[in-house]
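*Asks:* what follows is a predicted protein model with its sequence.
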Amino acid sequence: MYTIEKVSSDEAQLLINYCVQQAKKNNKSVAISVCGPECELIAFIRMDGTSPAASKIAQNKAYTSASDRAETGKMGERMRGKDNPAFWGDERITGFGGGVPIIQNNKVIGAIGVSGLPEADDEQLAKNAVKEVFGY
């Protein structure tokens, strides 16, 4: 039987809860997406007041981070350099910052994507959520 180590639905909910609490504390709203290492959606929420576009962007951030096994901001740096995204053949790949891989035992077990704030703030919130739930 083939099994994949991945973020559990309970862990995904904890990540989302953390982001929602932090956004509310700062009178902000965001969309949060969590996916597994195979890039499939585990959990998602778009807070009231968050733009509809942020929904797709958050999901694409999590997807890209899981797929590339890296932060989406780093993907954006590559896209602005020599790696034209048109060559990737996957319209879900994004270079907006705010997607962060979740790593345990040197394996990517999923990713979180946050959208709705400035890119640097999306990324920091995602990193803080991973630190809160997974301890790093």
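*Replies:* Thanks, I have it.
*Asks:* chain neighbours aside, what residue packs nearest to Ala23?
*Replies:* Val30 (4.9 Å; Cβ to Cβ, 6 or more residues apart in numbering). Every residue, glycine included, has its C-beta placed from N, CA and C.
*Asks:* tally of neighbours for that neighbour?
*Replies:* Val30 is flanked by 29 other residues according to other Cβ atoms under 10 Å.
*Asks:* might you report the residue contacts of it?
*Replies:* With Cβ atoms under 8 Å, 6 or more residues apart in numbering as the criterion, the residues that contact Val30 are 19-20, 23, 47, 50, 54, 58, 114-117, 122, 125.
*Asks:* where's the residue sitting nearest the centre point of the chain, which helix or strand?
*Replies:* Per Cα atoms, centre = their mean, the C-alpha nearest to the average position across the chain is that of Gly113, at 1.8 Å. Counting by DSSP states H and E, the element that carries Gly113 is strand 107-115.
*Asks:* quick check: buried residues in that strand?
*Replies:* By neighbour count on 16 or more other Cβ atoms under 10 Å, the buried set for strand 107-115 is Val108, Ile109, Gly110, Ala111, Ile112, Gly113, Val114, Ser115.
*Asks:* CSV please, covering the residues you listed and showing distance to Lys82.
*Replies:* Putting the buried residues of strand 107-115 into CSV (distance: Cβ to Cβ, whole Å) gives the following:
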residue, distance to Lys82
Val108, 24
Ile109, 30
Gly110, 29
Ala111, 24
Ile112, 28
Gly113, 25
Val114, 27
Ser115, 26
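*Asks:* so Ala120 sits in a strand?
*Replies:* No. Remark: Ala120 does not belong to a strand; assigned using DSSP: H, G, I helix; E, B strand; the rest coil, it is helix.
*Asks:* kind regards, and thank you for your time.
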